[in-house]
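> could you work out the structure for the sequence below:
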Amino acid sequence: MGACMALCSLASCASCLCGSAPCLLCGCCPSSNNSTVTRLVFSFFLLLGTLVSIIMILPGMETQLRKIPGFCQGGSTIPGVENQFNCDVIVGYKSVYRMCFAMACFFFLFSAIMIRVRTSKDPRAVFQNGFWFFKFLILVGITVGAFFIPDGTFHNVWFYFGIVGSFMFILIQLILLIDFAHSWNEVWVRNAEEGNSKCWYFGLLFFTILHYALAFVAVVLFYLYYTKPDACAEHKVFISLNLIFCVIISVVSILPKIQDASPQSGLLQSSLITLYTMYVTWSAMTNNPNRECNPSLLSLVSNISSSSQPTPTTTPGTVQWWDAQGIVGLVIFLFCTLYASIRSSSNAQVNRLMQTEEGKGSQVESKMEEDGLRRVVDNEEDGVTYSYSFFHFHLFLASLYIMMTLTNWYKPDTTTQAMASTMPAVWVKICSSWLGLALYLWTLIAPVLLSNRDFS
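Below is the predicted model:
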């Protein structure tokens, strides 16, 4: 009896996997809008690929695979069976490059297909919002094919694709954080006006001070551990410039003219952007190949002086993605990816940058079925709530960012099978922080400079 019920449940979920819209008829999905469910499922695909990449790069994974009889070339054997798989490719940084290459191709394909989709009545929207099982098969197929790509120059070429894509994704992360801070400030100010004002205003003040305090502590630690009195001139310039820029945007955000033109702007947003800028600065400095200016986390904690020689990895092909900056990067990535899937912003400038529109789409009530459950409804018959193409392009860039984060932005050296820190990665991160600060400054001064345009 239980088996029959399970089969019936699986059959009811088939419309989720193969239907023309997400879960319009099945009982295995919660009540939600069409646009939200679609973005969440595609984000789940990305997170699933990220999890697989993390498993592949775990230390000791290749050693464990070689213990499987008849699996890895050069590993344990079974009499009469030839070991077929090259485990150097299916684990380590090579596997991360191939897995992320597959995800990038998958999302770029959808970004190209979904260009200029205006409503869910477009035939292409059916494929966007449904057929999940087949889309998963496409992703699996691309992934399998990626592992058959010859080494050659693939890793070096894809490294530079990752550099450019990650630069753009860092900017998108900053835009999402700006949007999050604006929404956070707007909601808490509205709650303060409607209810216990002291409590809500204290909360805003507390988090603002907390963000600035953490940023200040970070700057002090940067000067202590990532600079030397007679060396590390680049780091001194990076830290000092970004500190000055953060002070400038904080002051600008509370100027009377800025407040009159954009009442929603304030120190909460500036404090969050300041803290994120300090993170990007730290992340950039950890990619400096000069170990005198880039001490390892272990040496900082245990007070062991690091070697002046660049030794990014102890074992050829091994990448220590679990460094602190990598873990923080993954946490920020996870937050921004999920926020991009469920966001509904009232910030007009951010909406233009992210290709979304506030309140756009059909206002449709979810329908109550006979079993008492509400189903996912199509809320985009009159117009899409987000750009399908730009959303997939955002996930395409996220795939490249994940590749660079998990490999610590190290450049692969196919001649030695090792990874090495490079200065281009440092400059990419620093330049992205500067451009991000410039974007935030523009969101502050644009309503003042272009007073004839509506930025409300």
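
> CA only for contacts and neighbour counts going forward, please
OK.

> run through the neighbouring helices and strands of the helix or strand hosting Arg190.
Using DSSP states H and E, Arg190 falls within helix 154-194. Here helix 154-194 touches helix 93-113, helix 197-225, helix 267-285, helix 324-342, helix 348-353, helix 388-406, strand 411-413, helix 423-449, going by 3 or more CA pairs under 8 Å, 6 or more residues apart in numbering; DSSP states H and E.

> what's next to stretch 107-120, contact-wise?
124-126, 128, 378, 380-384, 387-393, 395-396 (CA atoms under 8 Å, 6 or more residues apart in numbering).

> between the two ends of that stretch, how far is it?
19 Å (CA to CA, to the nearest Å).

> excluding chain neighbours, what is closest to Ile54?
Leu406 (7.3 Å; CA to CA, 6 or more residues apart in numbering).

> any idea how far that neighbour is from Ile170?
15 Å.

> who has more neighbours, those two?
Leu406 (25 against 22; other CA atoms under 10 Å).

> just the pLDDT for the residue lying closest to Cys199 once chain neighbours are set aside.
Nearest residue to Cys199, sequence neighbours excluded (CA to CA, 6+ apart): Ala192, at 7.5 Å. For Ala192, the pLDDT comes out at 80.

> mind listing what Ala192 touches?
Lys198, Cys199, Trp200, Tyr201.

> what about the last one, neighbour count?
A total of 16 residues lie near Tyr201 under the criterion other CA under 10 Å.

> tell me the contacts of it?
Trp188, Val189, Ala192.

> roughly how far apart are the second one and Thr38?
Pointing back at Val189 there. From Val189 to Thr38 the distance is 31 Å (CA to CA).

> the first one too?
In this view, Trp188 and Thr38 are 29 Å apart by CA to CA.

> how deep is Asn452 tucked in, by neighbour count?
By other CA under 10 Å, the burial measure for Asn452, its neighbour count, is 8.

> same deal with Ala213?
14.

> what do you get for Leu224?
Neighbours of Leu224 (other CA under 10 Å): 11.

> what kind of secondary structure is Ile149 in?
Assigned by DSSP: H, G, I helix; E, B strand; the rest coil, the conformation of Ile149 is coil.

> kindly check the end-to-end length of stretch 107-126 for me.
Rule used - CA to CA; the end-to-end distance of stretch 107-126 is 16 Å.

> what residues sit buried inside that stretch?
Phe107, Phe108, Phe110, Ser111, Ile113, Met114, Val117, Arg118, Thr119, Ser120, Ala125 (16 or more other CA atoms under 10 Å).

> tell me if I'm right that Val252 and Ile258 touch.
Yes. Applying CA atoms under 8 Å as the test, Val252 and Ile258 come out as touching, 7.2 Å apart.

> what's near enough to touch the spatially closest residue to Lys429 that is not a sequence neighbour?
Distances taken as CA to CA, 6+ apart place Ala284 nearest to Lys429, at 5.5 Å, with adjacent residues excluded. By CA under 8 Å, 6+ apart, Ala284 lies in contact with Ala425, Val426, Trp427, Lys429, Ile430.

> using JSON lines, lay out those residues together with distance to Leu210, pLDDT and neighbour count.
Formatted as JSON lines, those follow (distance: CA to CA, whole Å; pLDDT from 0 to 100; neighbours: other CA atoms under 10 Å):
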{"residue": "Ala425", "distance to Leu210": "30", "pLDDT": "81", "neighbour count": "26"}
{"residue": "Val426", "distance to Leu210": "27", "pLDDT": "86", "neighbour count": "21"}
{"residue": "Trp427", "distance to Leu210": "28", "pLDDT": "88", "neighbour count": "17"}
{"residue": "Lys429", "distance to Leu210": "24", "pLDDT": "87", "neighbour count": "24"}
{"residue": "Ile430", "distance to Leu210": "24", "pLDDT": "90", "neighbour count": "23"}
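
> circling back: so how far is Gly329 from the residue nearest to Ile54?
The value you get for Leu406 to Gly329, if CA to CA is used, is 9 Å.

> now Leu171
14 Å.

> now Val140
Val140 is 26 Å from Gly329, by CA to CA.

> over to Asn287?
From Asn287 to Gly329 the distance is 13 Å (CA to CA).

> could you do Leu449 as well?
35 Å.

> likewise Phe167?
13 Å.

> and these two? which has more neighbours close in?
Neighbour totals were compared for Phe167 and Gly329, and Phe167 leads with 23 against 19 (other CA under 10 Å).

> appreciated, that's everything.
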